[in-house]
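Okay, sequence plus prediction incoming.
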Amino acid sequence: MPRIEPIFRNRCTKIVATLGPASTAPAVIESLFRAGVDVFRLNFSHGDHADHAARLKTLRELEAKYRRPIGVLADIQGPKLRIGTIRGGYINLERGKMLRLDMRDIPGDLERVRLPHPEIIEAATPGTRLLLDDGKIRLGVKRVGDGYLDTEVLVGGRLSDRKGVNVPDMILPIPALTEKDRRDLAFALEHNVDFVGLSFVQTVRDVLEARELIGDRAWIVSKIEKPQAVTDIEAIVEASDGIMVARGDLGVELPPEDVPLVQKEVVALCNRLGRPVIVATQMLESMISAPTPTRAEASDVATAVFDGADAVMLSAETAAGQYPEEAVSIMSRILARVENSSDWQSRTGERRLPPDQSAAEAIASSARHVADTIPAKAIVAYTQSGTTALRIARHRPAAPLLAATPLSTVARRLALVWGVEAAVVDAVERMNDAVAEAASICRRMVGAKGDDAFVVVAGTPFGRSGATNALRVATMEDAKER
């Protein structure tokens, strides 16, 4: 079998792509990886465990074939709020008419519709809004009764069986993980996924409850798709390992004009706190059925890069679309083009953050500064948990950031982090050995040679997490002599 050279990206912003019916075949998954996907999303709202197991097997085989860490995100469905069935399949609601929502298990009609969620009825008050079918139908609560809500149709239209219900005006006393979610989570952790996407997060309590189940077996990526989560955003970001700005559901419950501002605020907060952040939903939506995106979509992707996102995500474009490989390829080209622009480079330099008051942060900031000053061919971060690489990535260095770790689980998690190219290496015990290994990584990953300089950041003694305390500058010639 011919030797396959490892793949390296020409950009810092990462790509997350969703697998689905259009991208189940191993050959298609491989084409998406080669086109630029860094993290693959398994959507547990669809498919069964056998489907997800087969895709995971393909991904781990690709990882071994190309010698490049591949991150896997298990996106857990979360509680789904839906109305019941409707006699005849649908009704047409007229603005100004009254509609009762109750819990009786019989098909609905123009007078009443089943709402099998007592927690909504108990939490509602007069004036509460209910959004049905992704906000296409809007109801206003007029009266709360014993087991029912009398509502006025604010925005009418056709309402079909089992459409979703959104409640932007209340925090519901329901857990973020259902029984189905717990089964899916157990499966995902058993199969060593790298990230768990936590849906329906309302407050930091939801993240802390998930942490009790997940521990450190995977990074928790909290999905911001509820107005209530925006209200509690700083606590949620601090408790999470990563964040997803899930603009689909967020755009249902928030006015459209608010969504871009929330995106910018959440991305900026994640940058400040050093948490990787994904911008998701409808980024190249037209490519579900077209081979090229609209100009507005290209601008939307570019805006996420300018905002400072670690990653951008494709959903239906790769899961169910007609042009999955083209969508990834075009997104990758947009990212690279933006990052090569002088405007992006100057903005990134201007908004670099001051270090926190700790030795580890001071060294991470210094690594970027030294690498810029030399200039260095690369920064090599030895990391046991990923924290050292995360700290340096927070400062957005211009030099390539190469993470060296003895743990494949850590390398896979770093696939989501801005600018990080991770390599799995043997453990080292001395700084001289670390410098020699770093030189080998630089030679292989960025073509370093001769008198090219590089910066090594590590924690001593080696093999202990959270002990970043050493910075060394070396050249390729120096490393040869060690």
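Great, that's in hand.

and the gap between G321 and G20?
Remark: distance between G321 and G20 (Cβ to Cβ, to the nearest Å) = 9 Å. Backbone N, C-alpha and C define where each C-beta goes, glycine included.

neighbour count winner among the two?
Between G321 and G20, counted using other Cβ atoms under 10 Å, the more crowded position is G321 (25 against 21).

Was I right to think D109 contacts G89?
No - with contact defined as Cβ atoms under 8 Å, D109 does not reach G89; the gap is 11.6 Å.

Of those two, which one has the most company?
Remark: of D109 and G89, D109 carries more neighbours, 12 against 9, as counted by other Cβ under 10 Å.

For S160, see how far away the more buried one is.
Computed as Cβ to Cβ, the D109 to S160 distance reads 13 Å.

got any residues that touch both of these two?
Contact with both D109 and S160 is made by residues I86, according to Cβ atoms under 8 Å, 6 or more residues apart in numbering.

Quick check: which element contains the residue positioned nearest the centre of the chain?
In the chain, the C-alpha nearest the mean C-alpha coordinate belongs to I278, at 3.9 Å (Cα atoms, centre = their mean). Using DSSP states H and E, I278 falls within strand 277-280.

helices or strands next to the helix or strand just after that strand in the packing?
Downstream of strand 277-280, the next assigned helix or strand under DSSP H and E is helix 295-307. Under the contact criterion of 3 or more Cβ pairs under 8 Å, 6 or more residues apart in numbering; DSSP states H and E, the helices and strands touching helix 295-307 comprise helix 259-273, strand 311-314, helix 324-339, helix 342-350.

what's the angle between the last one and helix 295-307?
Direction vectors for helix 342-350 and helix 295-307, defined by axes from the mean of the first three to the mean of the last three Cα atoms, to 10 degrees, enclose an angle of 30 degrees.

Next, work out how far apart the nearest residue to A54 once chain neighbours are set aside and T348 are.
The spatially closest residue to A54, leaving aside those adjacent along the chain, is T24, at 7.7 Å (Cβ to Cβ, 6 or more residues apart in numbering). For T24, the distance to T348 under the criterion Cβ to Cβ works out to 37 Å.

cool, R112 as well?
Where T348 is concerned, R112 sits at a distance of 56 Å (Cβ to Cβ).

and stretch 421-436, what's its mean pLDDT?
The predicted model assigns stretch 421-436 a mean pLDDT of 91.

how about that stretch as PDB, C-alpha atoms only?
Taking Å, rounded to 0.1, in the frame of the first residue of the first chain, the C-alpha atoms of stretch 421-436 are listed here in PDB:
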ATOM      1  CA  GLU A 421      -2.500  21.400  14.300                       C
ATOM      2  CA  ALA A 422      -2.100  18.500  16.700                       C
ATOM      3  CA  ALA A 423       0.300  15.600  16.600                       C
ATOM      4  CA  VAL A 424       0.400  12.500  18.800                       C
ATOM      5  CA  VAL A 425       4.000  12.000  20.100                       C
ATOM      6  CA  ASP A 426       5.700   9.800  22.600                       C
ATOM      7  CA  ALA A 427       6.000  11.200  26.100                       C
ATOM      8  CA  VAL A 428       9.200  13.100  26.900                       C
ATOM      9  CA  GLU A 429      10.800  13.700  30.200                       C
ATOM     10  CA  ARG A 430      13.400  16.300  29.600                       C
ATOM     11  CA  MET A 431      13.300  19.700  27.900                       C
ATOM     12  CA  ASN A 432      16.200  18.800  25.500                       C
ATOM     13  CA  ASP A 433      14.100  15.800  24.300                       C
ATOM     14  CA  ALA A 434      11.100  18.100  23.900                       C
ATOM     15  CA  VAL A 435      13.100  20.500  21.700                       C
ATOM     16  CA  ALA A 436      14.400  17.600  19.600                       C
END
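
in it, what counts as buried?
Taking 16 or more other Cβ atoms under 10 Å as the neighbour-count basis, stretch 421-436 is seen to contain the buried residues 421-425, 428, 431, 434-436.

and those, which two are the farthest apart?
Pairwise distances across those (Cβ to Cβ) peak at 21.8 Å, for the pair E421 and M431.

and L139, what helix or strand is that in?
L139 is part of strand 137-145, with elements assigned from DSSP H and E.

Over to A474?
Secondary structure assigned from DSSP H and E places A474 in strand 468-475.

helices or strands next to that strand in the packing?
Strand 468-475 makes packing contacts with helix 359-373, helix 387-394, helix 431-446, strand 453-459 when contacts are defined by 3+ Cβ pairs under 8 Å, 6+ apart.

try 7 Å this time
For strand 468-475, the helices and strands in contact under the criterion 3 or more Cβ pairs under 7 Å, 6 or more residues apart in numbering; DSSP states H and E are helix 359-373, helix 431-446, strand 453-459.

Name every strand pairing with it and say which way it goes.
As defined by DSSP bridges, the strand partners of strand 468-475 come to strand 453-459 (antiparallel).

Output the partner strand in CSV, but only the C-alpha positions, please.
What follows is strand 453-459 as a C-alpha-only set of coordinates in CSV (Å, rounded to 0.1, in the frame of the first residue of the first chain):
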residue,chain,number,x,y,z
ALA,A,453,13.6,29.2,14.7
PHE,A,454,10.7,27.8,16.7
VAL,A,455,9.3,28.4,20.1
VAL,A,456,8.7,25.5,22.5
VAL,A,457,6.2,25.9,25.4
ALA,A,458,5.9,23.2,28.0
GLY,A,459,5.3,22.4,31.6
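
Which helix runs longest in the chain?
Ranked by residue count, the top helix of the chain under DSSP state H comes out as helix 49-66.

And the helices in the stretch 151-300 of the chain?
Using DSSP state H, counting those that start in this stretch, the helices found in the stretch 151-300 of the chain span residues 179-190, 204-214, 227-231, 233-239, 247-253, 259-273, 295-307.
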